[in-house]
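Undergrad: sequence and computational prediction follow.
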Amino acid sequence: MKKLLISPSKMALGEQESQIYQNILKQATEISLNLMAVKVEQHPEDFLSWCYELHDVAKNRINFDLLDDHQLPIVKKLQDQLTSAISFLQLKTLRVAPWPVLTGFVSQHSEVLALEEQLKLTDYIATLRATPLKDMIVEDRLAFSGKHAASLDPSVYNFDVEWFASTKNAKGFHQLFADFPGEFDVALAHIPLEGPVSEQDYQQFMIAYLTAFANSEEKPTLAPATRLLAMRRPDVFTPIANTKLDALCSALGITKLNNRDFERYWTDIVKTIHAMPWFTMTSAADEFEQQLAGIKALIPCWFYHADKDTANQSNYIKLLNKPTRSTSSGAKKSVRRGKESAEILVDRALSDESIPQHIRDKRDSIVSEVEKGRSVDETISLMRAIFG
């Protein structure tokens with residue numbers, strides 16, 4: 001372990017990497033005896049691999065039973081520092097990496113990234129993009145804006161809607177978004193659905209977005225706006241999350257944005273990413289690369305730290321594995337859906353040609369059950385079992 005801890009001092013680290021290493025070493029010193037008890041066989045020769053190795057030690061291999069209570073926050077801080085360092089180092093490669101290297105990285109890490117699930121989200125959003133927010137059902141607006149809810153039927157929304165910068169903590173935004181979706185339609189209408197997006201287009205969006213908050217006590221913040229923009233044009237706008245903004249800004253070599261830096265988002269984030277060699281690529285080698293090219297502004301989201309636990313943290317996976325409903329007194333009540341949402345979700349499912357006509361004839365009964373909170377697939381399966 002001692003050899004592992006001191007090995008970065010022999011690496012050719014840049015100024016930022018050296019500062020990151022010193023900060024990590026400071027936390028590691030506080031729990032040095034506990035770390036020394038961990039057997040280490042891998043001694044990476046580059047700083048990124050070193051961060052991964054020490055992160056695994058701090059998260060999975062240190063003996064937590066031997067830690068004193070006051071040491072637990074130190075271990076958590078060490079984990080967070082290493083997570084941020086990994087994100088920074090991987091994002092930094094975006095500055096110079098060519099397109100094939102980026103797509104290769106994404107493909108190689110597809111399992112830990114839950115890439116298949118994330119691409120299901122982007123494919124689903126693509127079907128909504130031309131629909132005004134005010135005309136969407138509640139669940140589709142949640143999917144577009146990046147907030148998970150128990151009403152999201154996993155048989156329909158087979159992905160976590162909070163991939164690509166969750167907005168679950170933006171309560172003020174979501175209150176306005178739910179009450180006045182048309183106000184945000186006005187803002188998004190300034191961003192064309194295809195073709196170039198100009199700085200003037202973005203500025204018009206920004207003015208309309210800020211205006212949506214004019215009659216509210218809530219303050220407009222940047223992160224939810226970038227989520228809407230990224231879902232409108234995933235080939236142009238990169239969404240940001242406050243918890244990951246430090247790593248992104250450091251990697252891009254810019255001063256960290258605050259949550260009201262709407263002007264700098266365009267100049268420092270959007271334009272900087274658009275100037276990178278991989279972003280300006282003009283051809284895709286295969287179908288996978290073509291798919292990524294259509295959402296290329298989202299690619300930086302896949303360069304933040306991810307490990308074997310990342311995919312399992314998906315709200316979709318958690319909802320899918322949620323225990324079945326019980327009638328016991330201690331069971332939680334099902335989440336009811338609005339009739340409009342239930343009807344649309346059921347009609348989508350019944351449009352499948354494999355559904356027999358006698359099941360389609362039970363549409364109203366299926367809608368009634370889905371309104372009560374039962375999933376669409378579960379209800380149709382139940383109807384099949386009863387009526388054959």
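TA: Yep, that arrived.

Undergrad: measure Ser7 to Lys271 for me?
TA: 38 Å (Cβ to Cβ, to the nearest Å). Every C-beta, even on glycine, is put in place using the N, C-alpha and C of the backbone.

Undergrad: er, Gly253 actually
TA: Taking Cβ to Cβ, one finds Gly253 at 13 Å from Lys271.

Undergrad: next one: Glu287
TA: Relative to Lys271, and taking Cβ to Cβ, Glu287 is found at 30 Å.

Undergrad: neighbour count for these two, which is higher?
TA: Shown here are Glu287 and Lys271; by other Cβ atoms under 10 Å, Lys271 has more neighbours (11 against 8).

Undergrad: and that one, helix, strand or coil?
TA: helix (DSSP: H, G, I helix; E, B strand; the rest coil).

Undergrad: how much space between it and Leu142?
TA: 30 Å.

Undergrad: now Leu298
TA: Distance from Leu298 to Leu142, by Cβ to Cβ: 19 Å.

Undergrad: with Asp268 instead?
TA: 29 Å.

Undergrad: more neighbours: those two, which one.
TA: A count of neighbours by other Cβ under 10 Å puts Leu142 above the other of Asp268 and Leu142, at 23 against 18.

Undergrad: residues touching the more buried one, list them.
TA: His148, Ala149, Ser151, Leu152, Val161 (Cβ atoms under 8 Å, 6 or more residues apart in numbering).

Undergrad: what's the following helix or strand after the top helix by length along the chain?
TA: Looking across the chain with DSSP state H, the single longest helix is helix 72-92. Downstream of helix 72-92, the next assigned helix or strand under DSSP states H and E is helix 99-108.

Undergrad: next, the angle helix 72-92 makes with that next one.
TA: Angle, helix 99-108 to helix 72-92, by axes from the mean of the first three to the mean of the last three Cα atoms, to 10 degrees: 140 degrees.

Undergrad: helix 99-108 packs against which elements?
TA: helix 287-293 (3 or more Cβ pairs under 8 Å, 6 or more residues apart in numbering; DSSP states H and E).

Undergrad: using CSV, write out every CA atom in the helix it packs on.
TA: Extracted in CSV, the C-alpha atoms of helix 287-293 (Å, rounded to 0.1, in the frame of the first residue of the first chain):
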residue,chain,number,x,y,z
GLU,A,287,-24.5,2.3,-37.2
PHE,A,288,-23.3,2.7,-33.6
GLU,A,289,-21.2,5.7,-34.5
GLN,A,290,-24.1,7.1,-36.4
GLN,A,291,-26.3,6.8,-33.4
LEU,A,292,-23.8,8.6,-31.2
ALA,A,293,-23.3,11.3,-33.8
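
Undergrad: list the buried residues for that helix?
TA: Judged by neighbour count (16 or more other Cβ atoms under 10 Å), helix 287-293 contains these buried residues: Glu289, Leu292, Ala293.

Undergrad: can you pull the contacts of the residue nearest to the last one when sequence neighbours are not counted?
TA: Right, Ala293. Spatial nearest neighbour of Ala293, chain neighbours left out: Ala284 (4.9 Å); criterion: Cβ to Cβ, 6 or more residues apart in numbering. Contacts for Ala284 (Cβ under 8 Å, 6+ apart) come out as Gln290, Leu292, Ala293.

Undergrad: okay, now the unreliable bits of the stretch 101-250 of the chain?
TA: Within the stretch 101-250 of the chain, the set of residues satisfying pLDDT under 70 is empty.

Undergrad: and the residue nearest to Ala293, how far is that from Thr103?
TA: In terms of Cβ to Cβ, Ala284 sits 8 Å off from Thr103.

Undergrad: need the overlap of contacts for those two.
TA: Joint contacts of Ala284 and Thr103 (Cβ under 8 Å, 6+ apart) are Leu292.

Undergrad: what about Lys2, how many residues close to it?
TA: By other Cβ under 10 Å, neighbour count at Lys2 equals 10.

Undergrad: same thing with Ile240?
TA: Count around Ile240 with other Cβ under 10 Å applied: 25.

Undergrad: done for today, thanks.
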